[in-house]
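1. fold the following.
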Amino acid sequence: MYASKVTRDVLEAAASVCGVRAEIDAVGRRFKVRLFPAERTILYSEGPKGGRRKYRARYHRRRLGFPQGTGEGTCHAICWHGFRDYFRAVYKRAPEASFRTALATYKDRDHFEATFGPTGYRNIGSKMYPVQIREACFCSDTFDDSEPLYPYASVSL
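-> Take a look at the predicted model:
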């Protein structure tokens, strides 16, 4: 995604608040931002010496497999909820920031809050096995979908 009308310090601070890793590159007067899961925790360990370990990070996106989106595997990406909380953390510090993503373009904080919700219903699976982007993660197993995992990253309008 591309960010403009914001500083690198704000983008990095928002990533640390949300617990994601951000790779930020300057491209002219804007920044190219890539977000990845940061913290990894062991969910379970099998065998006498812990031979098989399963890791999952906060905001880890579910790998789409067969049937789509029902597997326990993860891919190296953050989920829709992670992007939501990251944008809210940025907009808390810089309300005039602008983002261009693959799903939408957000002009400022008010535009983001008005248009982000419907993007969660976009299909990222196939026609045979549709998966909404907001369901392609493990957040709904543990957390309420409407609330951010980091309440202090949310923005009150």
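2. can you pull out the helices in the chain?
-> Along the chain, the stretches classed as helices by DSSP state H are 8-18, 80-93, 109-115, 139-142.
3. to what extent is Ala26 buried, counted in neighbours?
-> When neighbours are counted by other Cβ atoms under 10 Å, Ala26 registers 9. C-beta here means a position set from N, CA and C on the backbone, and glycine is covered the same way.
4. not counting its neighbours along the chain, what's nearest it?
-> Arg8 (7.4 Å; Cβ to Cβ, 6 or more residues apart in numbering).
5. mean neighbour count, the helices of the chain: which tops it?
-> Stretch with highest mean neighbour count among the helices of the chain: helix 80-93 (a mean of 24; mean count of other Cβ atoms under 10 Å).
6. so it versus helix 8-18, what angle?
-> Between helix 80-93 and helix 8-18, the angle comes out at 130 degrees (axes from the mean of the first three to the mean of the last three Cα atoms, to 10 degrees).
7. just checking, what packs against helix 80-93?
-> Other elements packing on helix 80-93 under the criterion 3 or more Cβ pairs under 8 Å, 6 or more residues apart in numbering; DSSP states H and E are helix 8-18, strand 30-37, helix 109-115.
8. kindly provide the whole-number mean pLDDT of the longest one.
-> Across helix 8-18, pLDDT averages out at 94.
9. got the helices and strands packed on helix 80-93 as TSV, with distance to Ala77 columns?
-> Output for these, formatted as TSV (distance: least, Cβ to Cβ, whole Å):
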stretch	distance to Ala77
helix 8-18	14
strand 30-37	7
helix 109-115	20
